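> Generate a structure from the sequence data that follows.
(one chain, ligands or ions: 3)
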Amino acid sequence: MYEGDIASVLISEEQIRDKTAELAAAIAERYPNGAPEGDLLLVGVLKGAIFFMTDLARALPIPTQMEFMAVSSYGSSTSSSGVVRILKDLDKDIAGRHVLIVEDIIDSGLTLSWLIRNLSTRNPASLEVVTLLRKPEATKLEVDVAWVGFDIPNEFVVGYGLDYAERYRDLPYIGTLDPSVYGG
Ligand code: 5GP
Ligand code: MG
Ligand code: MG
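Ligands and ions are numbered 1, 2, ... in the order given. Next comes the predicted model:
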């Protein structure tokens, strides 16, 4: 599939599976009795986090519910500006709920800081973040991310939900894109 487009496999399917199990175990420790106020609420940011979110939900030994948000961040296709617009909001009120934001990747962290500020104003009982991937830039941030799957180099990656111009989300692993795809 996508022959010649993927330069290298950065994180294999097996590595993703193992890491998801590890993260699920760590997250479950944070909610020892589940989330009594109506189950832990996973909030996924469309579309990149969908595969991670569904795999994480199945790996978690506590009951969870799922909500999705879609946001658009003004900027180029490979970087964000921090100016965020809601394309699809949550369907439910999260006041009093234990909320876990599930992210695919944190780069500048601008999207995530905005999201944390936005969801905080809705008075959840607790608000935490798990991300599968984190780039070097994000470690400079003040944003508190409770669980990180992999710290990766500053390269553009695709697969397992992550796209380039809406393609490659369906790859089961995370890889780097061959420069020829960019028109190089
Ligand atoms: P941030 O606001 O942290 O700079 O950007 C976060 C968003 O930018 C991610 O949710 C993702 O949509 C996009 N993004 C950042 N880095 C990458 C990358 O390496 N590959 C892909 N496909 N998207 C990325
Ligand atoms: Mg994201
Ligand atoms: Mg994208």
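
> Who's the closest spatial neighbour of residue 99, skipping the chain neighbours?
The shortest distance from residue 99 to any non-neighbouring residue, by C-beta to C-beta, 6 or more residues apart in numbering, is to residue 124 (4.3 Å). The C-beta positions use only the backbone N, C-alpha and C, and glycine is treated the same way.

> The closest residue to residue 90 other than its chain neighbours: helix or strand, and which one exactly?
Nearest non-adjacent residue to residue 90, counting by C-beta to C-beta, 6+ apart: residue 67, 4.8 Å away. Secondary structure from DSSP states H and E places residue 67 in strand 64-73.

> Which strands border that strand, and is each parallel or antiparallel?
strand 40-46 (parallel), strand 84-88 (antiparallel) (DSSP bridges).

> how close does the residue nearest to residue 99 sit to ligand 1?
Shown here: residue 124 relative to ligand 1, a distance of 21 Å by C-beta to the nearest ligand atom, to the nearest Å.

> What is the three-state secondary structure of that residue?
Following DSSP: H, G, I helix; E, B strand; the rest coil, the label given to residue 124 is coil.

> Go ahead and confirm it touches residue 93.
No: contact between residue 124 and residue 93 fails when scored by C-beta atoms under 8 Å: they sit 9.8 Å apart.

> More neighbours: which of these two?
residue 124 (20 against 10; other C-beta atoms under 10 Å).

> So which bits of the top helix by length along the chain are buried?
When the chain is scanned for its longest helix (criterion: DSSP state H), the result is helix 13-30. For helix 13-30, a neighbour-count test (16 or more other C-beta atoms under 10 Å) marks 16, 19, 20, 23, 24, 27, 30 as buried.

> surely the second one meets residue 150?
Yes: Residue 19 is in contact with residue 150 according to C-beta under 8 Å; the separation is 6.6 Å.

> Run through the chain and note the low-pLDDT ranges.
Low-confidence segments of the chain, defined by pLDDT under 70, span residues 74-82, 184.

> Report the central residue of it.
Relative to the mean C-alpha position of the chain, the nearest C-alpha, by C-alpha atoms, centre = their mean, is the one of residue 103, at 1.4 Å.

> Appreciated, that's everything.
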